[in-house]
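J.: could you work out the structure for the sequence below:
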Amino acid sequence: MHERDPNIVASSLSGVVTEQGVTVKVNIIRLENEPGWSLEVENEHGTSTVWDDLFATDDAAHAAFRQTVDEEGMRAFLDQAVVIPFRR
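T.: Numbers count the residues shown, from 1 in each chain. Model (predicted):
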């Protein structure tokens, strides 16, 4: 018999955040049968920043997002290519 895939539980702390002229979608989710919460921040171009570690609570995941914004600003979630100019 085929086993059912677990449902995804979304935290009420998930949502769209606009600050410093930057809009992102904050996704705080977990599998219904797993205790850890994952944190993903998606910018307007669809680029995701995903934390490697799971969080014990959705509050802890949201606090990690807020800490990043406080320390690095919303620019931390912008598409930023590293370009090294060549000498001419």
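J.: partner strands of the longest strand along the chain, with direction?
T.: With secondary structure taken from DSSP state E, the chain has its longest strand at strand 22-31. Strand 22-31 pairs in its sheet with strand 8-10 (antiparallel), strand 15-19 (antiparallel), strand 38-43 (antiparallel), by DSSP bridges.
J.: by contact count, what packs against the least confident helix or strand in the chain by mean pLDDT?
T.: Lowest on mean pLDDT, DSSP states H and E among the helices and strands of the chain sits strand 48-50, with a mean of 92. In terms of contacts (3 or more Cβ pairs under 8 Å, 6 or more residues apart in numbering; DSSP states H and E), strand 48-50 is packed against strand 38-43. Heads up, the C-betas are built off the backbone N, CA and C, glycines and all.
J.: averaged pLDDT, the strand it packs on. What do you get?
T.: For strand 38-43, the mean per-residue pLDDT is 96.
J.: separation between the residue sitting nearest the centre point of the chain and Ile29?
T.: Central residue of the chain (Cα atoms, centre = their mean): Glu40, 2.1 Å from the mean position. Distance, Glu40 to Ile29, by Cβ to Cβ, to the nearest Å: 8 Å.
J.: same check on Pro6?
T.: 11 Å.
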